[in-house]
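Undergrad: Fold the stuff below for me.
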Amino acid sequence: MVFRVNHIESKNTISKLKQNKPAFILNQHQKTGYSFIIVVIYPKFFNTLKTFDMSQKKILVTGASSGFGKLSINTLLSKGHIVAASMRQVNGKNKENAEELSKAGAHIVELDVCDEKSVNDGMQDAIDKMGGLDVIVNNAGVGVAGMQEHFNVEEFQKVFDVNVFGVQRVNRAALPFLRKQGSGLIIYVTSLLGRVTMPFYGPYNASKWAMEAMAENYRIELSGFGVDNCIVEPGGFPTNFFGKLIYPSDQSRNGDYGDFMNVPKQFGDSFSKALESNPEQNPQLVADAISLLVNTVAGQRPFRTTVDKMGMGDPISAYNIQQEQITQGIFKNFRMEDMLKLKVK
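TA: Predicted structure coming up:
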């Protein structure tokens with residue numbers, strides 16, 4: 001619809017139009033005397049507007065008791081969405097967090113990503129409470145710190161059980177429902193360390209690289225069913241995540257590393273000081289990135305989103321652009337490029 005405006009008297013209106021912002025103009029019909037409002041939207045703003053989907057979504061967030069999960073739930077609720085907050089021990093150690101989120105308006109769901117029955121039961125409970133499901137936010141995760149050699153296989157498995165196998169359990173529980181309705185969004189909260197390796201986070205690095213690969217594969221295999229897959233890659237943020245790290249239990253090899261054994265702690269202390277001196281590295285940025293993906297029209301969401309103000313985000317964003325170009329090129333060479341395009345209703 002196009003409106004033609006013969007004259008604009010308001011300097012504020014002109015200023016808004018120059019900034020590609022919507023302008024509201026009060027006018028009066030000359031014959032009837034009725035007042036009416038004309039909304040003028042310039043093309044640039046209208047094109048931006050078309051990328052947003054403000055419809056209410058039904059969203060399940062894992063790892064909801066703290067950190068990115070808790071912030072994301074409060075942000076999504078503030079946007080008018082229906083949200084299920086899933087966590088372990090809702091009547092135990094997480095009771096206070098569960099009650100807080102419940103008061104904020106979230107549906108509380110008992111769900112342990114390491115237990116398949118718990119995941120299946122929790123998923124059904126979430127769907128029943130919300131009356132459906134549109135979005136999964138795979139946020140539950142665990143971190144580590146220490147020399148990679150010193151982690152035994154069981155400790156590696158523990159990290160993968162949460163960060164990788166936990167995601168698979170959640171996706172398998174949700175996908176029959178999402179495929180049947182022909183639409184949905186799965187968001188994977190990975191890490192910049194799933195794109196570039198930093199020392200002393202070995203099992204965590206490996207698990208996040210695996211999670212990125214899972215997301216890439218799901219993107220391709222689910223595109224034809226209308227289920228979108230997107231990755232959010234945060235840097236290190238000041239949350240309680242660092243207070244729950246897994247450390248290697250095997251200390252028998254410390255002597256073999258000599259003075260180098262002091263480096264992991266020095267590295268951690270240095271990064272903590274860097275976080276303290278950089279207030280821009282606010283974890284709310286991650287919640288906002290997740291919210292933006294939810295509110296973006298299907299088919300127009302970026303596959304990868306980096307979130308960082310510490311100097312890692314920009315280089316990795318450039319890296320992501322290059323990889324996407326390579327992926328598109330290879331799939332085109334094999335005449336499979338349509339598998340990278342989301343089927344939208």
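
Undergrad: Mark out where each domain of the protein begins and ends.
TA: According to automatic domain parsing, the chain comprises the domains 11-49, 58-340.

Undergrad: most neighbours per residue, which of the ones you listed?
TA: By mean neighbour count, with neighbours taken as mean count of other C-beta atoms under 10 Å, domain 58-340 ranks first of the domains of the chain at a mean of 18. Backbone N, C-alpha and C define where each C-beta goes, glycine included.

Undergrad: Endpoints of that one, how far apart?
TA: Chord length of domain 58-340, first to last residue, is 25 Å (C-alpha to C-alpha, to the nearest Å).

Undergrad: hang on, the earlier thing: output the domains of the chain in a markdown table; the columns should cover mean pLDDT.
TA: Formatted as a markdown table, the domains of the chain follow (pLDDT from 0 to 100):
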| stretch | mean pLDDT |
| --- | --- |
| domain 11-49 | 49 |
| domain 58-340 | 97 |
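
Undergrad: Name the strands paired with the strand ranked longest in the chain and say parallel or antiparallel.
TA: As assigned by DSSP state E, the longest strand anywhere in the chain is strand 227-234. Applying DSSP bridges, strand 227-234 is found paired with strand 184-189 (parallel), strand 304-307 (parallel).

Undergrad: Rebuild those as a markdown table, extending it with distance to Val344.
TA: As requested, these are exported to a markdown table (distance: least, C-beta to C-beta, whole Å):
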| stretch | distance to Val344 |
| --- | --- |
| strand 184-189 | 12 |
| strand 304-307 | 20 |
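
Undergrad: out of the ones you listed, nearest to Ile73?
TA: Closest approach to Ile73 among those (C-beta to C-beta): strand 184-189, 12.8 Å.

Undergrad: Beyond the closest one, next helix or strand please.
TA: Downstream of strand 184-189, the first helix or strand assigned by DSSP states H and E is helix 202-222.

Undergrad: Which one of the strands paired with strand 227-234 lies nearest to Phe156?
TA: Among the strands paired with strand 227-234, strand 184-189 comes nearest to Phe156, with 20.1 Å by C-beta to C-beta.

Undergrad: which residues make contact with the closest one from outside it?
TA: Contacting residues not belonging to strand 184-189 are listed as 57, 68, 133-139, 141, 167, 171, 174, 177-178, 211-212, 214-215, 218, 222, 226-232, 234, 286, 290, 293-294, 298, 301 [C-beta atoms under 8 Å, 6 or more residues apart in numbering].

Undergrad: Convert stretch 172-187 to CSV, retaining C-alpha atoms only.
TA: Taking C-alpha atoms only, stretch 172-187 is exported to CSV below (Å, rounded to 0.1, in the frame of the first residue of the first chain):
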residue,chain,number,x,y,z
ARG,A,172,15.2,-36.7,19.2
ALA,A,173,12.4,-36.0,21.7
ALA,A,174,11.3,-32.8,19.9
LEU,A,175,11.7,-33.6,16.2
PRO,A,176,8.8,-35.9,15.6
PHE,A,177,6.5,-33.1,16.8
LEU,A,178,8.3,-30.3,14.8
ARG,A,179,8.5,-32.4,11.6
LYS,A,180,4.8,-33.2,11.8
GLN,A,181,3.8,-29.6,12.1
GLY,A,182,6.2,-28.7,9.3
SER,A,183,7.9,-25.8,11.1
GLY,A,184,10.2,-25.1,14.0
LEU,A,185,13.5,-23.7,15.2
ILE,A,186,16.4,-25.4,17.0
ILE,A,187,19.0,-23.1,18.5
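
Undergrad: Leu133 and Leu175: what is the separation?
TA: 10 Å (C-beta to C-beta, to the nearest Å).

Undergrad: ignore the last one, Phe271
TA: Counting by C-beta to C-beta - Phe271 and Leu175 are separated by 37 Å.
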